[in-house]
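K.L.:
Sequence isn't available, so here's the structure alone:
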């Protein structure tokens, strides 16, 4: 079966933004104008296509990345609508890993917000070309110019405006296309008909100024156009668009559009821009992976005749078909009924069904080609980040790295009968969500679940009750503290047991030293001359890792540390893997104590938006929570406070802020870094007086 759409007519795009910038509303309009849905769903009415989960519709926010396929002017678009709330950052990360381009949506009142910066940095990490939409220009206090300036100041100096609005706030009536120099009016049912008219006289001068800036910026990317521009020759529409396309694919320019998704203005221009300025899979760099046979780096080009390779980027539990595995095909093609190799586990998987997704609905297809995104069901041992490939040409693609959870809660079933069900359900959710973890404390018998924030864990608890029918009791949220060392130290440990017959003998010398914050753990083997045989090195490392997991000071994991095994001895008869594991564990504990162990806590980047009347109270409340004020600014009659605050001090902050400000202030927070806990508080943590 041949491709329905050639690869050049394919776009894999994501909608990314700060929470409440209007991503899902934009997605609903895209689906309506492309004919995929016949009515427009509204977030505030809880009937959107892309926010299909009960929890999403109740809260009016996006929780999972929803995928869908739509068609516009002969181009197939695979669209992923991602969450804006920072607790669900993994959804954005894994989506960006498999996308070729992104539409970044901004609130026309607020401009660039903290999470706008976070998703922008994530897109930078994966080198994703993007276009911007300044949305909500119908809202009171909206300003295209201020929002555009905030993009230039905070995100990239390479932004170039291709449109400006006619009127703002309730007077927003149309949009001026600066390339065509025409006014675009959106008429008919839900603004379906785009009508080009001449630019109104009172907007002509402003349009000329903005167009001159745009032409100069685009022309600077091409030597021939620079000459034309300097000679004041006319540059054609095609020349501008072709140069802008090349520059945006190379991420040298970022086109900026404007409109109001809620008022159905400007969305068709975004669809055109996706075709004009974002890449097809054939225009992005070839995918690089590791050859499983040789260990060398190899390329896979996005072509149908190359060996098959795909990356699994999401696992979802579906009540009707079981486990759904979402993947992106990077090379070759995948046929229903075929067998593929999971490069991470070494197991073969049978592809019994191939699905093209439309949010929570699905369409069966027989084959998927290079560049396409789809899903399958019934895979046994495949999870997020795994590579599926051709058995004859095995390759492992680069994995997706996810942030560590920062908050945990104790969970226990209400009845003994629910115990098994609870653990099984939690395990299913951990397969779906790589930032959700489960830890069973063998000493206390407690089950602790960890995630990215209070909302994240709240949604998990809600899903356990509704989807998996599990009733459970939950403890108070606990901060995911960590431990690390300040200095270097060495320690020697001997584990010798003699109990008649064969004894136990393990002897190691370890050196520990701190690494940079966030650098993780590294084990260095410096054994020379076989003082410890090779087969006992791995057990030493295992013992070290187990001791690090248990912690030294207060039972929290030890992180950001380099451990070097540099000497030791063994016994021909009595030495065993077990003995060296215990010796490694004991030596690590002793060396860490000598190197001075400190406790680290997660610190959050927090933005508080408050009316000026409550500015003083909000500032002093943040200070009382050990917060550091970084900056204060004004935004449309409101005061904005940027601060860094320890997570442990932010529990219940939403309620406290509401009562302080008569319910008129709001805040957002995201993980910033791990920092040293002050000594008086560290002592409270060690004594168990603090959660």
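P.N.:
Perfect, thanks for sending it. Remember, predicted model here, so these are calculated numbers, not experimental data.

K.L.:
name the helices or strands packed onto the helix or strand hosting residue 537?
P.N.:
Counting by DSSP states H and E, the element that carries residue 537 is helix 537-550. On a contact count with 3 or more Cβ pairs under 8 Å, 6 or more residues apart in numbering; DSSP states H and E, helix 537-550 meets strand 521-525, strand 561-569, helix 577-594. C-beta: built from backbone N, CA, C; applies to glycine.

K.L.:
need these in JSON lines with distance to residue 511, mean neighbour count and mean pLDDT, can you?
P.N.:
Rendered in JSON lines, the data for those read as follows (distance: least, Cβ to Cβ, whole Å; neighbours: other Cβ atoms under 10 Å; pLDDT from 0 to 100):
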{"stretch": "strand 521-525", "distance to residue 511": "9", "mean neighbour count": "15", "mean pLDDT": "92"}
{"stretch": "strand 561-569", "distance to residue 511": "4", "mean neighbour count": "19", "mean pLDDT": "93"}
{"stretch": "helix 577-594", "distance to residue 511": "7", "mean neighbour count": "23", "mean pLDDT": "94"}
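
K.L.:
Make TSV out of these and add distance to residue 640.
P.N.:
Formatted as TSV, the helices and strands packed on helix 537-550 follow (distance: least, Cβ to Cβ, whole Å):
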stretch	distance to residue 640
strand 521-525	39
strand 561-569	38
helix 577-594	42
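
K.L.:
ok, and the helix or strand in this protein with the lowest average confidence?
P.N.:
Within the chain, no helix or strand scores below helix 54-59, which has a mean of 39 by mean pLDDT, DSSP states H and E.

K.L.:
what pLDDT, on average, does the helix or strand that comes right after that helix get?
P.N.:
Following helix 54-59 in sequence order, the next helix or strand is strand 66-72 (DSSP H and E). When pLDDT is averaged over strand 66-72, the result is 78.

K.L.:
which ones are touching residue 593?
P.N.:
Each residue near residue 593 by Cβ atoms under 8 Å, 6 or more residues apart in numbering is listed here: residue 552.

K.L.:
no wait, residue 390
P.N.:
307, 308, 309, 332, 340, 341.

K.L.:
Can you give me the buried ones in the helix holding residue 537?
P.N.:
Counting neighbours by 16 or more other Cβ atoms under 10 Å, one finds that the buried residues in helix 537-550 are 537, 539, 540, 541, 542, 543, 544, 545, 547, 548.

K.L.:
can you tell me the average pLDDT over it?
P.N.:
Across helix 537-550, the average pLDDT comes to 93.

K.L.:
Contacts for that helix next, please.
P.N.:
With contacts defined as Cβ under 8 Å, 6+ apart, helix 537-550 is touched by 508, 510, 521, 523, 525, 527, 532, 557-559, 561, 563, 565, 568, 577-578, 580-589.

K.L.:
That helix to strand 521-525, inter-axis angle?
P.N.:
150 degrees (axes from the mean of the first three to the mean of the last three Cα atoms, to 10 degrees).

K.L.:
relative orientation of helix 537-550 and strand 561-569 in degrees?
P.N.:
Angle of helix 537-550 versus strand 561-569, following the same axes, to 10 degrees, is 140 degrees.

K.L.:
Where does pLDDT dip in the stretch 101-250 of the chain?
P.N.:
Within the stretch 101-250 of the chain, not a single segment meets pLDDT under 70.

K.L.:
What ranges does it have for its strands?
P.N.:
Assigned by DSSP state E, counting those that start in this stretch, the strands in the stretch 101-250 of the chain fall at 101-107, 130-135, 159-161, 163-166, 174-177, 182-187, 193-197.

K.L.:
Neighbours of residue 517, how many?
P.N.:
Using other Cβ atoms under 10 Å, residue 517 is surrounded by 14 other residues.

K.L.:
pLDDT value on it, please?
P.N.:
pLDDT recorded at residue 517 is 86.

K.L.:
Checking it next. Helix, strand or coil?
P.N.:
Three-state assignment for residue 517 (DSSP: H, G, I helix; E, B strand; the rest coil): coil.

K.L.:
Number the chain from 19, please
P.N.:
Noted, 19 is the first residue going forward, which turns the last one into residue 535.

K.L.:
How much space separates it from residue 502?
P.N.:
Distance of residue 535 to residue 502, given as Cβ to Cβ, to the nearest Å: 8 Å.

K.L.:
so what sits against both of these two?
P.N.:
In terms of Cβ under 8 Å, 6+ apart, residue 535 and residue 502 are both contacted by the residues 578, 618.

K.L.:
and the gap between the nearest residue to residue 157 once chain neighbours are set aside and residue 163?
P.N.:
Excluding the flanking residues, the one nearest residue 157 by Cβ to Cβ, 6 or more residues apart in numbering is residue 127, at 5.2 Å. As for residue 127, its distance to residue 163 is 13 Å (criterion: Cβ to Cβ).

K.L.:
cool, residue 136 as well?
P.N.:
For residue 136 relative to residue 163 (Cβ to Cβ), the value is 24 Å.

K.L.:
Ok, residue 467 next?
P.N.:
Separation of residue 467 from residue 163 (Cβ to Cβ): 46 Å.

K.L.:
More neighbours: the two, which one.
P.N.:
Between residue 467 and residue 163, counting by other Cβ under 10 Å, residue 467 is the more crowded of the two (24 against 14).

K.L.:
so the more buried one bridges to which residues?
P.N.:
With DSSP bridges as the criterion, residue 467 is bridged to residue 427, residue 456.

K.L.:
what separates stretch 413-428 from the chain centre, distance-wise?
P.N.:
Remark: stretch 413-428 is offset 10 Å from the chain centroid, using Cα atoms, centre = their mean, to the nearest Å.

K.L.:
tell me the angle the helix holding residue 555 makes with helix 595-612.
P.N.:
Orientation check (the same axes, to 10 degrees): helix 555-568 against helix 595-612 gives 50 degrees.

K.L.:
Please identify the helix or strand for residue 45.
P.N.:
Assigned by DSSP H and E, residue 45 falls in helix 41-51.

K.L.:
which parts of that helix are buried?
P.N.:
In helix 41-51, counting by 16+ other Cβ under 10 Å, buried: 41, 42, 43, 44, 45, 46, 47, 48, 49, 50, 51.
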